[in-house]
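**Q** Prediction below, plus the sequence it came from.
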Amino acid sequence: MIRSTQGKVSFSNVLLVAFFSVIMFGIIIGFGYSFAIIGSEDAPNTSFEIEEDGDQLIAIHNGGDSIEAEKLDVVNADDWDTSGTTLTRGDTIAMTPNADDTQIEIKWSSGPTEITLAAASPSDFE
């Protein structure tokens, strides 16, 4: 007697397809993660000293790694300006707070990485 298996799927075929689907999913996620971190770099190891100068706060690069100004953001400041495109020891960031007692934060970011390098508010100097 001849049996027809047409239209029937064996359990081992289903298991094989599921196994390869899981493997492919892992490979795709791995590649996606590696591409996400390619654009990022290690956070700089640096320090800033913040001083008050009239209505502005001045952050002075005290040493450590050089920092590209384009990777910086100053939070809670109406206006800010750096003394160069790459900040090294002695370079400054002049910041105007957007409120009387708002904490200003100097943030560095690259890809998914973001850190706060320094923070101060005008009341810190009273």
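**A** Nice, thanks for sending it over. Keep in mind it's a predicted model, so treat the numbers as computed, not measured.
**Q** quick one: Pro44 from Ile27, how far?
**A** 33 Å (Cβ to Cβ, to the nearest Å). (C-beta placed from N, C-alpha, C; glycine too.)
**Q** of these two, who's got more company?
**A** Pro44 (18 against 10; other Cβ atoms under 10 Å).
**Q** contacting residues around the more buried one?
**A** 64-67, 108, 117 (Cβ atoms under 8 Å, 6 or more residues apart in numbering).
**Q** same thing but 6 Å
**A** Going by Cβ atoms under 6 Å, 6 or more residues apart in numbering, Pro44 touches 65, 67.
**Q** what secondary structure does it sit in?
**A** Counting by DSSP: H, G, I helix; E, B strand; the rest coil, the backbone at Pro44 sits in coil.
**Q** Now do it, the pLDDT please.
**A** Note on Pro44: pLDDT of 89.
**Q** quick one, phi/psi of it?
**A** Backbone torsions of Pro44, given as degrees, to the nearest 10, read phi -70, psi 150.
**Q** model confidence over the helix or strand containing Ala18, on average?
**A** Secondary structure assignment for Ala18, by DSSP states H and E: helix 11-38. For helix 11-38, mean pLDDT rounds to 75.
**Q** That'll do, ta.
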